[in-house]
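# A predicted structure for the sequence below; I have some questions about it.
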Amino acid sequence: MPQLSSPPLPQIVQRDLPEWARRIAFALATAGAIAWLALLVPAARHSVVNILSGFSGRGFDPVRAGSIDWMLLGYALGGLGAFWVARAAFAKNFSPRFAAQDDNQRDNTERFLWFGTLAITGIYAAVAVWFCSLSDALWDDEFLTISTISRTWGEVLKIQAADVHPPLYFLLLKGWTLAAGDSAFALKLFSVFPAVLTMALLAVFLRREFSVRTAFVFVLCFAAAANNLHYLKEVRMYSWAAFFVAMSVPCIWKILQNNNRRRWWLALLLCMEGAALTHYYAGAAAALIGALFLAFAFFRRKQNPGLLVKTLSFGVVAFLVYLPWLPTLLATFTRSNGSFWIPPLTLSSTISCVLGFFWTGGLFLTEFFALVSIFVLISFLIRKHSDVKEQLAVGALVAVGALVALTILISVVSHPILVSRYFIPISPLLWFGMAVAGSTIANRRLFVAFCAILGWLAFATLFFAYRYERDEGREHRLFVTWLEANLKPEDVLVFPSSKSGHETRSIVHRFRKNVYLAEAKNKTMGGFGDAFFTMYGPNSISLKEMSSLEKFGTRAAYVFKMLEGDSFPDLDERFPELGARFCGKFGWGGGGFPAYKFHLYHVPSAAALAQFIENRTIEK
């Protein structure tokens, strides 16, 4: 395989930071570390076991109210300080060239690393599928997805044109349900496929084109990121968006090796258009990748003038393909301006969103993962990169940083659009860059220690995820089992629409023959029109539209009142005239809700039922 070369990079990239800049940065970082310790020590009452496991309750929250922003700033500056200290101590252990010189040697170490790569990928895939089978609980966004794909193909396009997400995922999912059905397991499994494929295909690509060390570090980073594992089983588009973005990396690499291969240009076009039509953040990432690719081709125009022409032509074609959806994108951005569900940007929310890349399920381990990553990435980025493989990794990292910076800028200048889970589509680019950076650690012991840390983080992530899914699944199964034993097809289910949560979505999707009553209509939701139908299904009836309950005759009803606390009112004692009977308390995700059974003929009117489920005095 011929080794690609590239022209020298600008001088500012080749040389390290000047001495005066390093001294200022070290002073600021030291001050940040001192501030961090000053806030950490008063709250460091957690046990060593909790610290090692990464589960520390409230974590290292400051004891003084209002000091959270200062603590987070201290974290950032303290991490910078740790980097400069470690950089001075271990700079010689980072190879100035890509550490893949032993790629052709099939020694025991490489065989062990490849076996570990396959084992981690297999375990990750098995755990993801198993999590899908633990529970069919759904949350609001997942039920919106199910409501969308229950419409016709044309209505799906219309709904998503008025929503904040493009339509490709919903169209693919609707097609999947025609073959696999629409059970909760089948719907969640559709999101697992692209996540596992992303992990496996990139691992194979990195082993063949880079090194087995790079593949091993990549799967460790991918497994250590809890957001990937949590959202890959949701009935949402994040894993598919990440798949399309990730697959653009092998396509670009193959084009760089031989830009006359049309199939790789076509594959890149499909990946970028797929990303742009699955999630708008993924589309922005695809646009940034395309811009960086064009810049690379421009700097290499003397060595390969054909690459620049083909890249420009590719950009024009990609723009024309996306052009029909561009007005919808602009309308979505305009519509989300102003009153929207995303909260205003603060220093705390910004750092929390960025830390979402490194979330492991525990606060301490998340911060540790972030600091280790910062050290490795900065040590990799500040030196010269003459190898095209390293330049590709730098481009991926620049795309991630540029998208995060652009999102923050828009949130400050225009309106908030910063959401942690929206960065999931670009996370494979971060782990690709992290894998290349980690594989350049020339010191064998330091590389082993680095992999051991990532392995520890991956194990902790899987452990936290297992514990969470196990508890959530057990509580939800108890609730569903009780309903299956007691609920009859003619029974009516009553929910206070302002307080009903995940239990509503799961029941509506599982028990579709029952009638659902709710206290009031929700607000309109884009292409859905009135969101009442979307939330409660086709058998839903709004109490505002009913004057009496005579049509239900002697049918029994169950009411579920979502409560945030552990205490709940004894409705059977407060309203004996309704004949309500307490059936038990259920709930998951930190909340609980009691269940009551009564007969609708006891309720004088629909307004009285609304007062009853809102725990207000019934007007005779």
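Happy to help now that I have it.
# Flag every buried residue along stretch 481-496.
Under the neighbour-count criterion of 16 or more other C-beta atoms under 10 Å, stretch 481-496 has 483, 487, 491-496 buried. C-beta: built from backbone N, CA, C; applies to glycine.
# That should have said stretch 208-224, apologies.
Going by neighbour count (16+ other C-beta under 10 Å), the buried part of stretch 208-224 is 209-224.
# and if you look at stretch 181-199?
For stretch 181-199, by 16+ other C-beta under 10 Å, it's 182, 184-199.
# can you check stretch 169-180 too?
Neighbour-count burial for stretch 169-180 [16+ other C-beta under 10 Å]: 169-174, 176-177.
# With stretch 377-395 instead?
Neighbour-count burial for stretch 377-395 [16+ other C-beta under 10 Å]: 377-381, 383, 385, 387-395.
# what does stretch 366-379 give?
Buried residues in stretch 366-379, counted by 16+ other C-beta under 10 Å: 366-379.
# Filter the residues you listed down to just the ones in helices.
With helices taken from DSSP state H, the overlap with those comprises 366-379.
# Packing partners of the longest helix seen in the chain?
As assigned by DSSP H, the longest helix anywhere in the chain is helix 444-486. Judged by 3 or more C-beta pairs under 8 Å, 6 or more residues apart in numbering; DSSP states H and E, the packing partners of helix 444-486 are helix 108-134, helix 212-224, helix 226-231, helix 363-381, helix 427-439, helix 502-510, strand 581-586.
# so which of those comes closest to Phe293?
The closest of the helices and strands packed on helix 444-486 to Phe293 is helix 427-439. By C-beta to C-beta, the value is 13.1 Å.
# Tell me what angle that closest one forms with helix 444-486.
150 degrees (axes from the mean of the first three to the mean of the last three C-alpha atoms, to 10 degrees).
# what angle do helix 427-439 and helix 363-381 make?
Going by the same axes, to 10 degrees, helix 427-439 makes 70 degrees with helix 363-381.
# Can you list the buried residues in helix 427-439?
So, applying 16+ other C-beta under 10 Å, buried residues of helix 427-439: 427-439.
# May I see these arranged in a markdown table, with pLDDT and distance to Leu312 as well?
Formatted as a markdown table, the buried residues of helix 427-439 follow (pLDDT from 0 to 100; distance: C-beta to C-beta, whole Å):
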| residue | pLDDT | distance to Leu312 |
| --- | --- | --- |
| Ser427 | 93 | 29 |
| Pro428 | 93 | 26 |
| Leu429 | 94 | 23 |
| Leu430 | 94 | 28 |
| Trp431 | 94 | 30 |
| Phe432 | 95 | 25 |
| Gly433 | 93 | 26 |
| Met434 | 94 | 31 |
| Ala435 | 94 | 30 |
| Val436 | 93 | 27 |
| Ala437 | 92 | 31 |
| Gly438 | 91 | 34 |
| Ser439 | 90 | 33 |
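# Mind putting those residues into JSON lines with distance to Gly553?
Formatted as JSON lines, the buried residues of helix 427-439 follow (distance: C-beta to C-beta, whole Å):
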{"residue": "Ser427", "distance to Gly553": "54"}
{"residue": "Pro428", "distance to Gly553": "57"}
{"residue": "Leu429", "distance to Gly553": "60"}
{"residue": "Leu430", "distance to Gly553": "60"}
{"residue": "Trp431", "distance to Gly553": "59"}
{"residue": "Phe432", "distance to Gly553": "63"}
{"residue": "Gly433", "distance to Gly553": "65"}
{"residue": "Met434", "distance to Gly553": "64"}
{"residue": "Ala435", "distance to Gly553": "65"}
{"residue": "Val436", "distance to Gly553": "69"}
{"residue": "Ala437", "distance to Gly553": "69"}
{"residue": "Gly438", "distance to Gly553": "68"}
{"residue": "Ser439", "distance to Gly553": "71"}
